[in-house]
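Chemist: Take a look and give me a structure for this.
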Amino acid sequence: MITVHHLENSRSQRVLWLLEELGLPYAIKRYERNKTTMLAPPELRAIHPLGKSPVIVDDTADGGLGRTIAETGAIIEYLVEKADGKLGPPAHREAVLLYRHFLHYAEGSLMPPLLVKLVLGRVPLDVMMSFPLEAARSRAGLDASRPATIAWLAKVHARPAFQAALTAGGPYAYA
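Modeler: Numbers count the residues shown, from 1 in each chain. Below you'll find the model as predicted:
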């Protein structure tokens, strides 16, 4: 049996949908988010060290020893293969490449900006996030098309502690 460790309002909903489309039997272990932080509960760490969802456990794999799989794309590929390729890639190479492109498109292109917005919207001060965003603004095209992110960086740079750190540390190309 495949067990889906399903976090409410998460990417794991797609896994449930695919299992239904494939007609594969499954069980659900549901987890609720912390109502204040919206984070997954610590119980998910017992299933996978990152404590994230989706995660599946297929206890029929490896001769009954079980297999735990995390990451949506890997789970989708595993389930399609388990269902003998139903809803899987077409037969010829160009169509396979297009299939893979769209299989991973959501996570690789649409989710990163949404995740940044989610993180920056929930955490008013995140010291660790400042450098990657400063570097992205300087070298990776972060610009006025992302006004909320630029505004957040401006707030960080205006903080007295940030200004004091600049004075103490000397020249800094990203501020």
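Chemist: Mind pulling the model confidence for residue 116?
Modeler: The model reports residue 116 with a pLDDT of 69.
Chemist: so residue 95 touches residue 89, yeah?
Modeler: Yes - with contact defined as Cβ atoms under 8 Å, residue 95 and residue 89 form a contacting pair (7.0 Å). Any C-beta I mention is one placed from the backbone N, CA and C, and that applies to glycine too.
Chemist: Who has more neighbours out of these two?
Modeler: Between residue 95 and residue 89, residue 89 has the larger neighbour count (other Cβ atoms under 10 Å), namely 16 against 11.
Chemist: Ranking helices and strands of the protein by mean pLDDT, which lands last?
Modeler: Lowest by mean pLDDT, DSSP states H and E among the helices and strands of the chain is helix 111-122, with a mean of 68.
Chemist: Can you name the element that comes right after that helix?
Modeler: For helix 111-122, the succeeding helix or strand toward the C-terminus, using DSSP states H and E, is helix 127-139.
Chemist: tell me how far that following helix is from the chain's mean position?
Modeler: When distances are taken as Cα atoms, centre = their mean, to the nearest Å, helix 127-139 is centred 19 Å away from the chain's centroid.
Chemist: cool, stretch 142-162 as well?
Modeler: On the basis of Cα atoms, centre = their mean, stretch 142-162 sits 23 Å off its chain's mean C-alpha point.
Chemist: for stretch 64-72, how far is the first residue from the last?
Modeler: By Cα to Cα, to the nearest Å, the extent of stretch 64-72 from end to end equals 23 Å.
Chemist: Any buried residues in it, and which?
Modeler: 69, 70, 71, 72 (16 or more other Cβ atoms under 10 Å).
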